[in-house]
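Participant: Fold the following, please.
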Amino acid sequence: MTANFDLKGRVAMVTGSTTGLGRAMAFALAANGAKVILNYANNQERAESCFADFKAAGHEGMLIRGSVIDEQEVDRMVGEVESEIGGVDIVVLNATPSQPQRPIDEYDWDFHQEMLDFFVKSPFLMTRRVLSYMRAQQWGRIINIGSEVFARATPNFSAYVAAKGAQNGWTRSMATELAPQGITVNMISPGWIPVERHADAHPDLLEAYRSAVPIGRMGVPVDLAGAVVFFASEASDFVTGQNVHVNGGTTTH
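Facilitator: Down below sits the predicted model:
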């Protein structure tokens, strides 16, 4: 027997997927045969440019705008996907707000709440909305995008770290709850992989991080492709509740 990574016939929705890591994962799922819904909340011009690239690559799917932290918007978006393409088999929960590093004195509760909205509320809303379809077919994939920051206890990042920790716990609990229904729930936790929003990162900061990566280089968005395709495919049928760090080994020591 060989592992089945073929996603033909599957519909995948990747939140926050017209830039950065989300874009790379959406393209990887599509390259393996899935019809992929690319989601964005802002910057329509950038989103349409991304979708043009997506279609030029020969991929199938749709582009949809909407907030993943608003219950009515989530219901609308999934409803549109169901009407135009079909039920959602795979959800990749990637959407994120800005992530400034600050000491606790400079945070307020509104900032903490925004982190929780994206990393706890959004997974809850999205998963609850697609569950009926997944349960009916006794198959589904929920893939949370976490972060190495929880394992590394990164300082001056407490709001983000706390929310990612909660997302990790939610992943584990949902994995055991949904496993009997053929639905797996896993997490991919990237290291620092520079994307568009890191364009102004100081070279010294990048080098300090790179020098601590055992593999000896910074990650690039496509490094997440293998992990997301694995968790989305039938190759991972017996894997749930897991958190895979894609960071060149920075959390091994």
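
Participant: List phi and psi for the closest residue in space to residue 223 that isn't next to it in sequence.
Facilitator: Spatial nearest neighbour of residue 223, chain neighbours left out: residue 246 (5.8 Å); criterion: C-beta to C-beta, 6 or more residues apart in numbering. Where C-beta positions appear, they are placed from N, C-alpha and C, glycine not excepted. Here is the backbone geometry of residue 246 (degrees, to the nearest 10): phi -110, psi 90.

Participant: and what of residue 64?
Facilitator: Residue torsions, per degrees, to the nearest 10, at residue 64 are phi -140, psi 140.

Participant: How many neighbouring residues does the residue nearest to residue 223 have?
Facilitator: 19 (other C-beta atoms under 10 Å).

Participant: cool, residue 81 as well?
Facilitator: Neighbours of residue 81 (other C-beta under 10 Å): 21.

Participant: Hmm, residue 35 and it touching each other?
Facilitator: No: assessed by C-beta atoms under 8 Å, residue 81 is found out of contact with residue 35, at 9.3 Å.

Participant: Give me the contact list for the host helix or strand of residue 62.
Facilitator: Element membership of residue 62, judged by DSSP states H and E, is strand 61-65. Here strand 61-65 makes contact (C-beta atoms under 8 Å, 6 or more residues apart in numbering) with 18, 26, 30, 34-41, 44, 47-48, 50-51, 54, 77, 80-81, 84-85.

Participant: Among those, which lie within helices?
Facilitator: Within those, residues falling in helices by DSSP state H are 26, 30, 44, 47, 48, 50, 51, 54, 77, 80, 81, 84.

Participant: Confidence-wise, which helix or strand of the chain is lowest on average?
Facilitator: helix 203-210 (a mean of 86; mean pLDDT, DSSP states H and E).

Participant: Any buried residues in that one, and which?
Facilitator: 209, 210 (16 or more other C-beta atoms under 10 Å).

Participant: elements contacting the helix or strand following that helix?
Facilitator: For helix 203-210, the following helix or strand on the C-terminal side (DSSP H and E) is helix 225-232. Packed against helix 225-232 by the contact rule (3 or more C-beta pairs under 8 Å, 6 or more residues apart in numbering; DSSP states H and E) you find helix 20-31, strand 90-93, strand 140-145, strand 183-190, strand 243-246.

Participant: now helix 225-232 and strand 140-145, what's the angle there?
Facilitator: 150 degrees (axes from the mean of the first three to the mean of the last three C-alpha atoms, to 10 degrees).

Participant: Let me know how buried residue 249 is, in neighbour terms.
Facilitator: Residues near residue 249, counting by other C-beta under 10 Å, number 13.

Participant: Touching, it and residue 217? I think so.
Facilitator: No: assessed by C-beta under 8 Å, residue 249 is found out of contact with residue 217, at 11.0 Å.

Participant: And for the closest residue to residue 145 other than its chain neighbours, the neighbour number?
Facilitator: Nearest residue to residue 145 in three dimensions, chain neighbours excluded: residue 94, at 4.4 Å (C-beta to C-beta, 6+ apart). Using other C-beta under 10 Å, residue 94 has 26 neighbouring residues.
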